[in-house]
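Chemist: okay, predicted coordinates and the sequence, questions at the end:
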2 protein chains.
Amino acid sequence: MPAADETRLDLDGDVVALLRQLIDIESVSGDEGPIADAVEGALRALPGLEVIRDGDCVVAVSPGPTDRRVIIAGHLDTVPVAGNLPSRSVGTGAEEQIFGRGSADMKGGVAVQLSVAAALAHAGRQARPVTWIFYDNEEVEAARNGLGRLARNRPDLLAGEFAVLCEPSNARVEGGCQGTLRVDIRLAGRAAHSARPWVGSNAIHAAAPVLDRLARYRAREPEVDGLTYREGLSAVGIRGGIAGNVIPDECVVTVNYRFAPDRDLAAAEAHVREVFDGFDVTRTDGSPGARPGLDRPVAAEFLAAVGGEPGPKFGWTDVSRFSALGVPAVNYGPGDPLLAHTDDEHTPAAQVRACREALLRWLAG
Amino acid sequence: MPAADETRLDLDGDVVALLRQLIDIESVSGDEGPIADAVEGALRALPGLEVIRDGDCVVAVSPGPTDRRVIIAGHLDTVPVAGNLPSRSVGTGAEEQIFGRGSADMKGGVAVQLSVAAALAHAGRQARPVTWIFYDNEEVEAARNGLGRLARNRPDLLAGEFAVLCEPSNARVEGGCQGTLRVDIRLAGRAAHSARPWVGSNAIHAAAPVLDRLARYRAREPEVDGLTYREGLSAVGIRGGIAGNVIPDECVVTVNYRFAPDRDLAAAEAHVREVFDGFDVTRTDGSPGARPGLDRPVAAEFLAAVGGEPGPKFGWTDVSRFSALGVPAVNYGPGDPLLAHTDDEHTPAAQVRACREALLRWLAG
């Protein structure tokens, strides 16, 4: 196969070939310029779309009112390449798998977006106005997130009745997302030589009840808008001790709470403080979840078009940014989220085609 | 005060002035050459002593049979200097304190050794034959220890009826020493994304019962040869977790057991394995303790000469090297062991003089 042409994406051909073109444009977070240029150029060539560029974020808007508008979004960046470029196709027909960095997370979804945008533009008619968003820096710290920047700079571009984020979900609708909160639990002691431990106070020993509460914790499995979520309260780090002969005067346990979207960030923090009542708890990080919003008519219409049984999204995703703006949002895209970031990341060609057909069925009207 | 003359130590003058000369010869572990040269030169100038040099270890032997011989040992090295050189004298008379790196650990003891060796040599008679040992690399890893090297190369030089190590003990006899054993307790888990903790198994949570056993542990306080020791079982380190969104697949707790000298290393390890029965325990480090041996007639004679009530030594010291060779040994020297390695390390001049008088009283006969 010839090297991908980085400046001319073919939106009108096979969506799987388009996926391979996208994979072959390396786009690790912070270096999305070339892929954003290619996406912008391809969208500007389509009729009937207003194209806006904001940094390495590209937005294409089809005309129509906000109250029936849907937003379909995906990120252009990937985690660092690990010897997994260029793309490879393995197997044929229904078994074909596309390998390469970004294949699952989430250039499969981006290929579906671009292919559907082109098909609708050429058709010259569509059931709903669509805002297509392609953004940068999803795989790095939240402060750099391109969708977050757009929400601050141009909230009008995120306005609509419903949003779909094309993150990998095995081509199944996953509603909303769980929130995430991180806290540090700090145990204090008094340093001493370990030959005379009674002179000091051992901060690691003081962590025993903290670990005990974690080990005994029973996570909630609440139903929210018809989907059953599953929470988790986990130690993700523990650190204590400075030398093999010193009683440690500090031990820090880092805990991550993943919470269902019936709790907001404040309620999540209150819960964690209640679990660790009596201990020194400091919140270090937090992002709210998003309700699935599947009770809305627009969601029912979407579900009917794409088919299948919706499930909950356990991991945090950018759908919560739409939720924060009052727009219900779901995750729907090709690829297995469990393969995201792995070196042998890959996505079934059939899922890419199925997602394209489903979105087109819904939006062609 | 003029700069110390690094080549001519005055063994015949005031023992406190000698201490200051010794402090002012910087001798961080690995750089004991100049101080060993100075000690060797001063000892060779004394009558009636055979002087042996082994690396930066200096040994001076007075003639006499092994069965009545006493070994009096001290190390020449210090931990790194921390702006605490040259030496300073603060206060006067009974209140005088000598400050500077090595003042407490343990050039006070070395000054006492040299001063007493000189006084006995000039007197031309002594109650017992003495082997004086001045050695290198006590403050670093055991493999470099000069006394250990001597025990391997020239065990005959460590033979005798009784040994005194002039480590700081507040001029009080401290019998034997406790042993030390370190183990790693390794908890295994299964990594997973923290949004789906039920897919994995949390190794930090698995450490809860380990910390619980440590927190509930009641240390023994056994009486050995008339002295009451006090053990300790302490976590000195804990490590687990690789990222804020990953269920950790490993957590390691490092535990230090300080044990009384009625247990040998094997019994100590068996005890720790019993406490942590059911867990993956790996021994990483261990040194046996030393029985005080205060029940021997030679010890009674020594105690009578130096006076005071003997106590147990909690920290591990090189007395265990003598114990391993079958020579009972005690710690006895000026300075507070709790000040060892501190930046404002210091030792009372009165203790230095008292130790000199006591050793001389015992050995002059």
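Modeler: Great, that's in hand. Residues are numbered from 1 along each chain as shown, chains lettered A, B, ... in the order given.
Chemist: please make it C-alpha for all contacts and neighbour counts, starting now.
Modeler: OK.
Chemist: next to chain B, which bits of chain A? Give me the list.
Modeler: For chain A, the contact set with chain B under C-alpha under 8 Å from any C-alpha of the partner chain comprises A:182, A:194-198, A:202, A:204-209, A:211-212, A:214-215, A:231-232, A:234-248, A:254, A:256, A:258, A:314-316.
Chemist: list buried residues within these.
Modeler: Burial by neighbour count, 16 or more other C-alpha atoms under 10 Å in any protein chain shown: within these this picks out A:182, A:194-197, A:202, A:204-209, A:211-212, A:214-215, A:231-232, A:234-241, A:244-248, A:254, A:256, A:258, A:314-316.
Chemist: inside strands: which ones of those?
Modeler: A:182, A:232, A:234-240, A:246-247, A:254, A:256, A:258 (DSSP state E).
Chemist: and the two most separated of the residues you listed?
Modeler: Taking C-alpha to C-alpha as the measure, these span a maximum distance of 35.3 Å, between A:246 and A:258.
Chemist: ok, back up a step: least confident pick among the ones in strands among the buried ones among the residues of chain A next to chain B?
Modeler: Within those, residue A:246 has the lowest pLDDT, namely 89.
Chemist: how about residue A:262, nearest residue that isn't a chain neighbour?
Modeler: Residue nearest to residue A:262 in three dimensions, not counting chain neighbours: residue A:224, with 6.3 Å by C-alpha to C-alpha, 6 or more residues apart in numbering or on different chains.
Chemist: pLDDT value on the one you found, please?
Modeler: Here, the pLDDT recorded for residue A:224 equals 92.
Chemist: next, it: phi, psi?
Modeler: With angles defined as degrees, to the nearest 10, residue A:224 sits at phi -130, psi 120.
Chemist: quick revisit: quick check, nearest of the ones in strands among the buried ones among the residues of chain A next to chain B to residue B:350?
Modeler: Nearest to residue B:350 out of these is residue A:246 (C-alpha to C-alpha; 30.5 Å).
Chemist: tell me the contacts of the closest residue to chain B within the stretch 251-365 of chain A?
Modeler: When distances are taken as C-alpha to the nearest C-alpha, the stretch 251-365 of chain A reaches nearest to chain B at residue A:315, 5.0 Å away. Residue A:315 is in contact with A:177-179, B:195-196, counting by C-alpha atoms under 8 Å, 6 or more residues apart in numbering or on different chains.
Chemist: from the centroid of chain A, which residue is nearest?
Modeler: In chain A, the centroid-proximal residue (C-alpha atoms, centre = their mean) is residue A:317; its distance is 3.2 Å.
Chemist: show me what contacts residue A:206?
Modeler: A:187-189, B:215.
Chemist: ignore what I typed, I meant residue A:54.
Modeler: residue A:150 are the contacts of residue A:54 under C-alpha under 8 Å, 6+ apart.
Chemist: next, give phi and psi for the residue nearest to the centre of chain A.
Modeler: Dihedral pair for residue A:317: phi -140, psi 180, per degrees, to the nearest 10.
Chemist: could you find the closest non-adjacent residue to it?
Modeler: residue A:177 (6.3 Å).
Chemist: repeat for residue A:273
Modeler: In space, and not counting its chain neighbours, residue A:273 is closest to residue A:281: 6.8 Å by C-alpha to C-alpha, 6+ apart.
Chemist: residue A:305 belongs to a helix?
Modeler: Yes: assigned with DSSP: H, G, I helix; E, B strand; the rest coil, residue A:305 falls within a helix.
Chemist: what sits closest to it if chain neighbours are left out?
Modeler: Nearest non-adjacent residue to residue A:305, counting by C-alpha to C-alpha, 6+ apart: residue A:362, 5.1 Å away.
Chemist: what residues does the helix or strand hosting the residue nearest to residue A:273 touch?
Modeler: Per DSSP states H and E, residue A:281 falls inside strand A:280-287. Identification of contacts with strand A:280-287 by C-alpha under 8 Å, 6+ apart yields A:179-187, A:265, A:269, A:273.
Chemist: try it again at 7 Å.
Modeler: The contact list for strand A:280-287, computed with C-alpha atoms under 7 Å, 6 or more residues apart in numbering or on different chains, reads A:179-186, A:265, A:273.
Chemist: widest-spaced pair of these?
Modeler: A:179 and A:186 (23.0 Å).
Chemist: comparing these two, which residue is more hemmed in?
Modeler: Neighbours per residue, other C-alpha atoms under 10 Å in any protein chain shown: of residue A:179 and residue A:186, the larger number sits with residue A:179, 28 against 21.
Chemist: on that earlier part again, bridging residues for the residue nearest to residue A:317?
Modeler: residue A:290 (DSSP bridges).
Chemist: let me see the contact set for it.
Modeler: Contacts for residue A:177 (C-alpha under 7 Å, 6+ apart) come out as A:261, A:289-291, A:312-317, A:319-320.
Chemist: 6 Å - rerun?
Modeler: By C-alpha atoms under 6 Å, 6 or more residues apart in numbering or on different chains, residue A:177 lies in contact with A:289-290, A:313-314, A:316.
Chemist: same check, this time on residue A:314
Modeler: A:177-178, B:195.
Chemist: where does chain A have its least confident helix or strand?
Modeler: strand A:192-193 (a mean of 88; mean pLDDT, DSSP states H and E).
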